[in-house]
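*Asks:* Mind folding the following:
(one chain, ligands or ions: 2)
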Amino acid sequence: MPGPCILVTGGAGFIGSHTSKALSRAGYTPVVYDNLSNGHVEAVKWGPLIIGDVRDANHLAEAMREYSVAGVIHFAGLIEVGRSVSRPDLFWDHNLNGVAAVVSAMRRSGTARLVFSSTAAVYGAPAEMSRLREADRLAPINPYGDSKLAGERLIAASCAAFDLEAVALRYFNAAGADPEGDLGEAHYPETHLIPLAIEATMGGAPLTVFGSDYPTPDGSCVRDYIHVADLARAHVLALQVGGLDAGFEAMNLGRGVGSSVREIIAAVTAACGRHPAVVEGGRRAGDPPMLVADPAAAMERLGWSPQVRDLATIVDTAVAWRRGCGFGPARQGPAAA
Ligand SMILES: NC(=O)c1ccc[n+]([C@@H]2O[C@H](COP(=O)([O-])OP(=O)(O)OC[C@H]3O[C@@H](n4cnc5c(N)ncnc54)[C@H](O)[C@@H]3O)[C@@H](O)[C@H]2O)c1
Ligand SMILES: O=c1ccn([C@@H]2O[C@H](COP(=O)(O)OP(=O)(O)O[C@H]3O[C@H](CO)[C@@H](O)[C@H](O)[C@H]3O)[C@@H](O)[C@H]2O)c(=O)[nH]1
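*Replies:* Ligands and ions are numbered 1, 2, ... in the order given. Next up is the predicted model:
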């Protein structure tokens, strides 16, 4: 292998595949470990693929030893806020037992550095409509956020108890696609706002706006959309950062700018040159009104800042990926789920 190996669980998925590319650019070899339940073989381009379940600590430890990995980035898990409300059992199982297995395998293989995919969902539905800081109240309002916060706490406790150091990166809404067209978002079925809005401009199902009565300026939910390549770079920096406080730190990753569902529809309209078909719907269970990051800690500790500053560029890269037909026309649509 050309450079130090990093085990990337969930590396066949959206953020994991972009991070694998960033790792390769930085001189590492990403060793992807994924069960392909929501990922793609075509997205694994920069190192080997091990097909396995992240809840299998024995298999993970074997992979860590075989490749003498220098660190682990743990993305694998279930991601849909709405589905977590109807299937909390699955989310606790994959997300928390996955973390337990990763920590156990790292101890057994003597691997010390972990970067964990956490989320803005750990903050729940903040009372203040201001940008969120890491020290703000952690009070998830859906099982997805609960399972991720429990994962963070298990990791923090393990860093205190064992020879382990970790960074939990709390991403806000990952969006866009690789600017060079190698990778993009491809979930089947897709549930995320930007790809669904793009699809709705191309003859796909109309986009449903989930709720118009939120206490936000236009009544629709506000989120902080961050380009996936910016997230990817932050993972490489988090692997390398020194002086971690008590061996564990959590950091927000967002642009610090909120966009409403209606502002996303306007940005997609501008990028595609036509309006998506839109229908008004009720609130989706588990959705907070507004989540916007204060990314100051990541900027200071990692020397990171988002390079894609504007929403239009984020949406343009997602549109370009979709126009290039993603991982191929045969994979488009729910039939490939
Ligand atoms: N997409 C976002 O906006 C966002 C925001 C905050 C946090 N996150 C977190 O980032 C991580 C990656 O998200 P993503 O958007 O790339 O999701 P994704 O679904 O594209 O990628 C997740 C990958 O994990 C794999 N996987 C799932 N369960 C597994 C298991 N039990 N064993 C092995 N592999 C398994 C899937 O096959 C997939 O390739 C997740 O942990 C998610 O919770 C995502
Ligand atoms: O058809 C749709 C889909 C979404 N939305 C709204 O658009 C916003 C964004 O939704 P979505 O793209 O589904 O992302 P989130 O539910 O915000 O969750 C993403 O962002 C979280 C961090 O904020 C991560 O933790 C999750 O893993 C990731 O899926 C929300 O207000 C939704 O209510 C709609 O109105 N219509």
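
*Asks:* For the stretch 51-200 of the chain, just list every one of the helices.
*Replies:* 57-66, 81-86, 88-91, 98-109, 143-161, 193-201 (DSSP state H, counting those that start in this stretch).

*Asks:* Output those helices in TSV; the columns should cover mean neighbour count and mean pLDDT.
*Replies:* In this view, the C-beta of every residue, glycine as well, is placed from N, C-alpha and C. What follows is the helices of the stretch 51-200 of the chain, written out as TSV (neighbours: other C-beta atoms under 10 Å; pLDDT from 0 to 100):
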stretch	mean neighbour count	mean pLDDT
helix 57-66	19	98
helix 81-86	18	94
helix 88-91	16	98
helix 98-109	22	98
helix 143-161	21	98
helix 193-201	23	97
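
*Asks:* Now tabulate those in a markdown table and tack on distance to ligand 1.
*Replies:* Below are the helices of the stretch 51-200 of the chain laid out as a markdown table (distance: least, C-beta to the nearest ligand atom, whole Å):
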| stretch | distance to ligand 1 |
| --- | --- |
| helix 57-66 | 10 |
| helix 81-86 | 9 |
| helix 88-91 | 9 |
| helix 98-109 | 6 |
| helix 143-161 | 6 |
| helix 193-201 | 10 |
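
*Asks:* could I get the ones you listed as JSON lines with distance to Ala121?
*Replies:* Shown next, in JSON lines, are the helices of the stretch 51-200 of the chain (distance: least, C-beta to C-beta, whole Å):
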{"stretch": "helix 57-66", "distance to Ala121": "25"}
{"stretch": "helix 81-86", "distance to Ala121": "6"}
{"stretch": "helix 88-91", "distance to Ala121": "11"}
{"stretch": "helix 98-109", "distance to Ala121": "15"}
{"stretch": "helix 143-161", "distance to Ala121": "3"}
{"stretch": "helix 193-201", "distance to Ala121": "15"}
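
*Asks:* Kindly export the worst-scoring helix or strand of the chain on mean pLDDT (C-alpha atoms) in PDB.
*Replies:* For the chain, counting by mean pLDDT, DSSP states H and E, helix 81-86 ranks last in confidence among helices and strands (a mean of 94). Extracted C-alpha coordinates of helix 81-86, given in PDB (Å, rounded to 0.1, in the frame of the first residue of the first chain):
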ATOM      1  CA  VAL A  81     -34.100  11.200  10.700                       C
ATOM      2  CA  GLY A  82     -37.700  10.300   9.600                       C
ATOM      3  CA  ARG A  83     -37.100   6.600   9.400                       C
ATOM      4  CA  SER A  84     -35.500   6.600  12.900                       C
ATOM      5  CA  VAL A  85     -38.900   7.600  14.300                       C
ATOM      6  CA  SER A  86     -40.600   4.600  12.800                       C
END
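
*Asks:* Can you list the helices and strands that that helix packs against?
*Replies:* The contact analysis (3 or more C-beta pairs under 8 Å, 6 or more residues apart in numbering; DSSP states H and E) places helix 81-86 against helix 88-91, helix 143-161.

*Asks:* rerun that using 6 Å as the cut-off
*Replies:* Counting contacts by 3 or more C-beta pairs under 6 Å, 6 or more residues apart in numbering; DSSP states H and E, helix 81-86 is packed against helix 143-161.

*Asks:* In three-state terms, how would Ala267 be classified?
*Replies:* helix (DSSP: H, G, I helix; E, B strand; the rest coil).

*Asks:* All set, thanks.
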